[in-house]
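Asks: From the sequence below, what's the structure:
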Amino acid sequence: HNIEDMNDQDITVIITSFHSGEKIFNCIESINKDVKIIVVENSNDQELKEKIQSKYKNVDCILSKENLGYGAGNNLGLSKVLTNYALIVNPDVTLENDTIDNFFLTIKNIKNFGIIAPISKDEIYTNFSIDNDKNLKEVESVKGFAMFLSMNNLKEIKFFDENFFLYFEEIDLCKRIRKNDIKIYIDPSIKVNHLGGTSHNSEINKTMELSRNWHWMWSSFYYHKKHYGYINALLKISPKLLSSLTKFIFYLLIFQKFKSDIYKHRVFGIINSVLLKKSWYRPRI
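Replies: Now for the predicted structure:
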């Protein structure tokens with residue numbers, strides 16, 4: 001396929017979601033109808049699948065039998081991609097009219113890339129502090145809410161490490177990509193809108209918050225162990241364990257149940273990871 005003639009048929013969009021409700025429809029609506037979209041719904045919601053597929057002819061909704069999390073969910077979507085490029089977006093992201101066109105303009109000039117990340121127009125959740133620089137920037141890692149992937153360059157790397165359920169998986173991916181001498185860029189000419197931190201329905205916020213805290217700590221230890229060894233990871237996580245333990249007891253004593261629950265989940269996330277247990281915790285929904 002000549003790079004000059006690239007169009008919407010050369011890219012597949014992947015959205016991994018979990019009880020994302022209306023947000024996912026805003027996301028799909030912002031994507032050109034000629035673009036193939038794969039939604040991986042981690043909640044096994046049959047009704048949502050039917051709603052999406054009857055409304056959009058360009059969308060294939062895959063229901064995972066269990067909650068796979070971000071990395072494994074994206075891997076499932078990526079395993080179905082037949083195009084040379086893929087765009088991974090969170091359900092709380094919407095594209096601009098020229099987001100995909102600008103990506104194709106950029107890659108006319110660069111061949112050896114693994115990931116190109118857009119910037120977010122929302123100041124709070126901007127992808128990076130791009131110092132008013134409009135040029136393509138080579139970086140060490142990008143945030144996972146929106147990433148253009150070169151499928152051919154990343155095949156060898158097997159995409160995401162599925163041991164991560166949540167957090168650090170894109171940092172880990174970026175680290176492995178760079179170890180293979182493949183470049184990662186941010187392109188300020190490619191823009192998306194990112195609402196941030198709100199990919200699921202609001203009624204499950206508390207449950208999701210506990211899950212997030214558990215996984216933030218589990219993944220933190222696992223990531224450092226994977227790349228820097230067990231002892232280094234232990235040194236890195238020890239202050240967090242002490243701090244979480246102290247806060248758990250403090251909030252317990254002043255009857256702040258939800259706050260103490262958060263720190264309890266952090267403590268258990270760390271302990272499970274240190275004991276080399278799998279990332280097993282799932283939100284109870």
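
Asks: Buried residues in whichever strand or helix holds Phe103, which are they?
Replies: Phe103 is part of helix 99-107 when elements are defined by DSSP states H and E. Applying a neighbour-count criterion of 16 or more other Cβ atoms under 10 Å, one finds Thr99, Ile100, Asn102, Phe103, Phe104, Thr106, Ile107 buried in helix 99-107. The C-beta positions use only the backbone N, C-alpha and C, and glycine is treated the same way.

Asks: ok, now stretch 230-249?
Replies: Ala233, Ile237, Lys240, Leu241, Ser244, Lys247, Phe248.

Asks: Can you give me every residue that contacts the fourth one?
Replies: Contacts were defined as Cβ atoms under 8 Å, 6 or more residues apart in numbering; by that measure Leu241 touches Val267, Ile270, Ile271.

Asks: Helix, strand, or coil at it?
Replies: For Leu241, the assignment made with DSSP: H, G, I helix; E, B strand; the rest coil gives helix.

Asks: Equivalent analysis for the fifth one, please.
Replies: Reducing the assignment to helix, strand or coil with three-state DSSP, the entry for Ser244 is helix.

Asks: Please, where are all the strands along this structure?
Replies: For the chain, the strands defined by DSSP state E occupy 11-17, 36-41, 59-63, 85-89, 93-95, 113-120, 137-138, 146-150, 183-194.

Asks: Can you tell me which helices and strands the last one packs against?
Replies: Right, strand 183-194. Counting contacts by 3 or more Cβ pairs under 8 Å, 6 or more residues apart in numbering; DSSP states H and E, strand 183-194 is packed against strand 93-95, helix 99-107, strand 113-120, strand 137-138, strand 146-150, helix 169-179.

Asks: Kindly format the C-alpha coordinates of the second one as CSV.
Replies: The one in question is helix 99-107. In CSV, the C-alpha atoms belonging to helix 99-107 read as follows (Å, rounded to 0.1, in the frame of the first residue of the first chain):
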residue,chain,number,x,y,z
THR,A,99,-7.1,13.6,14.1
ILE,A,100,-6.6,10.6,11.8
ASP,A,101,-5.8,12.6,8.7
ASN,A,102,-3.0,14.4,10.6
PHE,A,103,-1.6,11.1,11.7
PHE,A,104,-1.4,10.0,8.1
LEU,A,105,0.3,13.3,7.2
THR,A,106,2.9,12.7,10.0
ILE,A,107,3.8,9.2,9.0
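
Asks: ok so, going back, for Asn205, find the nearest of the strands of the chain.
Replies: Nearest of the strands of the chain to Asn205, taken as Cβ to Cβ: strand 11-17 at 15.7 Å.

Asks: now what about that closest one, what contacts it?
Replies: For strand 11-17, the surrounding residues in contact (Cβ under 8 Å, 6+ apart) are 23-24, 27-28, 31, 35-43, 68, 70, 73-74, 77-78, 80-91, 100, 103, 148, 199-200.

Asks: quick one: pLDDT of Phe128?
Replies: We have a pLDDT of 56 for Phe128.

Asks: now swap in Glu22 and tell me
Replies: Glu22 is assigned 79 on the pLDDT scale.

Asks: Asn74 versus that one, what's the distance?
Replies: Note on Glu22: its distance to Asn74, by Cβ to Cβ, to the nearest Å, is 22 Å.

Asks: Same check on Ala86?
Replies: 9 Å.

Asks: who's more crowded, these two?
Replies: Higher neighbour count among Ala86 and Asn74: Asn74, with 27 against 23, using other Cβ atoms under 10 Å.

Asks: Pretty sure the more buried one sits against Phe160.
Replies: Yes. With contact defined as Cβ atoms under 8 Å, Asn74 and Phe160 form a contacting pair (5.8 Å).

Asks: Now the residue nearest the centre of the chain: phi and psi?
Replies: Centre of the chain computed as the mean C-alpha position; nearest residue by Cα atoms, centre = their mean is Gly144, 3.9 Å away. The phi/psi pair for Gly144 (degrees, to the nearest 10) reads phi -80, psi 0.

Asks: pretty sure it contacts Glu170?
Replies: Yes. The criterion here is Cβ under 8 Å, and Gly144 meets it with Glu170 at 3.6 Å.
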